[in-house]
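Peer 1: quick one, what's the 3D model for this:
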Amino acid sequence: MAGSTSLSLSPAHVLLLAINFASASDLESFISLKCLHPKVLTPAVTLTILLFLPESLQPSTYVPILDSILGGPEAYSTGTDKHSLKQVKVDTSSVADLSEKIVQAKVERLLSVVPTLSSEDNGMGHQELVSEWLQIRARNIDSETGMLSLVESLLSPFVEKLKKVDAYYNGTVKVLSRLVYEYDKSVESSIGEESRDEETVRKLTRGLIQFEALPVSSGVKQLLSRTSNDTVIRDIITLIIPYLCYRDTNTKMQGWRVVWEWLVSQDLRMNYEAFTNWGGPQGCGEGEDILMRQYSSTGMAACYLCKEVGEDIWAMMDKIQKRIVEVLGQWNLQHAPISQKFERDLYAGHLKPKPTTSELLSRDNKLTTPTLESLDLLGYLIYAAHLLSFPLYFTARIRISGTKDEQKVVLVRYVRSGNWMKRTDAEWIKIVEAARWLRVPAGVFEQLTEQNLEEVLARGLMSAAKFKTVENIYVKDPAHRGVLGVKKLEEVIIDAFQEFYDNASNGNMTRGGMKDAQLALQVLYPAYSKSPALTRAFRLLNATHALSFYSLTLTPGVPLLPAQVRINPDPLSLLGRLLDQNPALYLQQDKLVPLAKDLYFGTAPTKPRSIVEEQHEEGEVERRVLGMCIETAIAEDDFDTAYSLTKSRLKTPEGNSISQKDGDGDQHDESAWKACFQAGRYRSHQPPRREDDALKRLEMQMELLAEALRSCPAVACNQVLSEWMRKEDEMASLLLKEAEEDEAHAAAALRGSSVKPSIIGVLPGGWNSSTSLQHGRQEKRMTGTMVGESEAPMGLFAVAAGAAKALSSSVRPLGVPRSNASAKEQGRPMVGTPSPPPSPASMGGSPTQRQRKRDILTSGLASGLGWVLGAQPTAGNGK
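Peer 2: Numbers count the residues shown, from 1 in each chain. Here you go, the predicted structure:
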């Protein structure tokens, strides 16, 4: 039957023959057969049989058949008139000899292996049939050949003609094709140049059927698996949006949720690219408003999750925030109005120590819900994080849930960040203004009062030695002068002074830390305030500066540090060391006393003092310093200076001003009486040149012991009196020796004289019984004066007072030798003064004068101080 027509074939034979033509890619014969038997090879049947075409066949060969089907009945049956049918020749030899039964069985078997298309009987139009066939054919081509290029060639002619094909092509085939062919450079480099073919690339992805079967979340992740900062916009626009728009609404929303979570998990630079160069998922149909809100929340969440810091980071965050505001404004979304009062609690509940993506993308999270208030807060926080150089989320936590102490720690860290000690005045002014902005309006330090903020700023400025800036802001500027307050500013200055003072390595206030300490005080002192605290610090500064000019060490070879002066429990004791290491300094009392007063009041606790109390403390300090000078003078064997200081500069306490009795006992000025006592008991290392010098020294020492007795505590009386007794013995011994020498001298003189011994007794100063009797009466008068009419002993201090009174009548005034004073009182020539050549009268007078002095002294001691030492009062002639 070769070359014969097929008009006599049964429908089963026509179908089998058409299948054979399609399987053999004989489209010319197939088209001829279709034209001969249009009632058998209907469009639906034709499309089914066309599935037997080899998948590798170029789609361009059978696309015209599809076009004819879409063209309608006329286009489909073009060229099938009766005249033309007689001329058509179709080879039917492959089926002509087969029985109807065999053909029917073969047809049924063959049609069972291909998908069944919807028939025309169900009302489906030709466009739906062709769309369905094209999707089936595309899957078959991909599964059999893996050549997406053939699939694209198949579908591309129908993209604009058939809606379903267009959606399928753009949402699936084209997406997968781009994923396969537009892979990133990392994939290219991983597979190498030589092996980079389609099959190799397909191993990196999935087939069309598998890709279509993927859950939307997996599909989105696969599409984004090769996205970089440079390709994120391209991938979202060309892959994600078509892929998700092809899905139903619920699936689409799930897919976008995956996109937002993926974006937030990337670094800020990728988010910056995505949000500044992409206006969001516009044109995605249903749920677009919801998607735009999610888009805005994602941008905000990406900022909060970024842990990086830097100028570029803050700039990107700022542009993201402004882009979100712009997008929301374009879409006219409903915004919550900005509250008059920021509700911290509404936001604090969403600030976990470690934020998660799901928490920040939650619809209930106030921090990332796109409202005017949350976006305004984000803008403030971005700039605040920029100033503080903190991650944005940490800044948000400090702003929203930070306590007062936490905010203060952050403020201190900000003020003292970087190379803060070397900031210029202009840079410090910027820091001050920025810190004030961070409190109001940014609210990062809203838990701190204005005074708290200014105190931290002032302390930072003082520590950086910006004293003029502090003075200009907190002293001279009327706008901020009252914010910190004078009292608080004084406290800041004192703390800064102490910091500079303690860190100084030298006490000289013209350089180093001491100079800074001085300049710190001068912010207020003395021009604006002379408070006790500032005055105290200034006096300490002066004292330390004065000490720096002398050699003074506490540890051998280590210079004295200012901090050692301030923390010394007894700063005045340093003067003792100063005198030890600079012995000649005891002669400069006029320098030491002011230094000691500054040292004392510069380290003593600041407390209210009356003028009387201050004078009293100054007197104590002066006496203590003079006592140290006296002790040093004695150590240097300079008794004359010690005695002079004691009598002329050292004022022993009188009345109740220093030494007073109360219920707890006696209070005494230790330095005064001890200085007198030390000088009184002093023994020179060099013997006196003559006996008169020794007597004069003893008289001066007994005078000092009398002063010591008058101001010493009761427990020290015995010690002082014992020393007095020793001096008395020395005086008596010297006087006795002198008397013996005088008698021997007088006897020698008489032997060489013509005067008769019988008339010696009547000469002035003679040694007769009347003279002895006269001495006895004088002794008795003195005894009556000292003891009085009663023989009962007086109190200890009354005895000391009596002794001092008796001594004041018998011992010379200050600065005048005692023997000279006695001579003046009795109208006799002064002892030790030049005299004319000896005469009988003068030779007799000298022994009498010395005897009388000795008798008066001995009588006074026996009747006054002698009682304390255990002596009995004498009566009669006082032998």
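Peer 1: the stretch 101-250 of the chain: helices as residue ranges?
Peer 2: Taking DSSP state H, counting those that start in this stretch as the test, the helices found in the stretch 101-250 of the chain are 126-145, 148-155, 163-168, 174-181, 185-191, 198-203, 208-213, 216-224, 232-235, 241-245, 249-265.
Peer 1: need those in a markdown table with mean neighbour count, can you?
Peer 2: Yep, even glycine has a C-beta here, placed from its N, CA and C like the rest. Rendered in a markdown table, the data for those read as follows (neighbours: other CB atoms under 10 Å):
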| stretch | mean neighbour count |
| --- | --- |
| helix 126-145 | 20 |
| helix 148-155 | 21 |
| helix 163-168 | 17 |
| helix 174-181 | 19 |
| helix 185-191 | 12 |
| helix 198-203 | 13 |
| helix 208-213 | 16 |
| helix 216-224 | 20 |
| helix 232-235 | 18 |
| helix 241-245 | 21 |
| helix 249-265 | 18 |
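Peer 1: quick one: which of the ones you listed is nearest residue 58?
Peer 2: Nearest to residue 58, of all these, is helix 148-155, at 7.1 Å by CB to CB.
Peer 1: tilt between that closest one and helix 174-181?
Peer 2: Here helix 148-155 points in a direction 150 degrees away from that of helix 174-181 (axes from the mean of the first three to the mean of the last three CA atoms, to 10 degrees).
Peer 1: can you name every helix or strand that helix 148-155 contacts?
Peer 2: helix 126-145, helix 174-181 (3 or more CB pairs under 8 Å, 6 or more residues apart in numbering; DSSP states H and E).
Peer 1: coming back round to it: adding distance to residue 38 and mean pLDDT, write the helices of the stretch 101-250 of the chain out as JSON lines.
Peer 2: Shown next, in JSON lines, are the helices of the stretch 101-250 of the chain (distance: least, CB to CB, whole Å; pLDDT from 0 to 100):
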{"stretch": "helix 126-145", "distance to residue 38": "14", "mean pLDDT": "92"}
{"stretch": "helix 148-155", "distance to residue 38": "25", "mean pLDDT": "92"}
{"stretch": "helix 163-168", "distance to residue 38": "25", "mean pLDDT": "93"}
{"stretch": "helix 174-181", "distance to residue 38": "35", "mean pLDDT": "86"}
{"stretch": "helix 185-191", "distance to residue 38": "51", "mean pLDDT": "44"}
{"stretch": "helix 198-203", "distance to residue 38": "40", "mean pLDDT": "46"}
{"stretch": "helix 208-213", "distance to residue 38": "33", "mean pLDDT": "90"}
{"stretch": "helix 216-224", "distance to residue 38": "43", "mean pLDDT": "92"}
{"stretch": "helix 232-235", "distance to residue 38": "48", "mean pLDDT": "92"}
{"stretch": "helix 241-245", "distance to residue 38": "39", "mean pLDDT": "92"}
{"stretch": "helix 249-265", "distance to residue 38": "42", "mean pLDDT": "94"}
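Peer 1: with distance to residue 50 as added columns, please give these in CSV.
Peer 2: Output for these, formatted as CSV (distance: least, CB to CB, whole Å):
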stretch, distance to residue 50
helix 126-145, 7
helix 148-155, 11
helix 163-168, 16
helix 174-181, 23
helix 185-191, 36
helix 198-203, 25
helix 208-213, 19
helix 216-224, 30
helix 232-235, 36
helix 241-245, 28
helix 249-265, 32
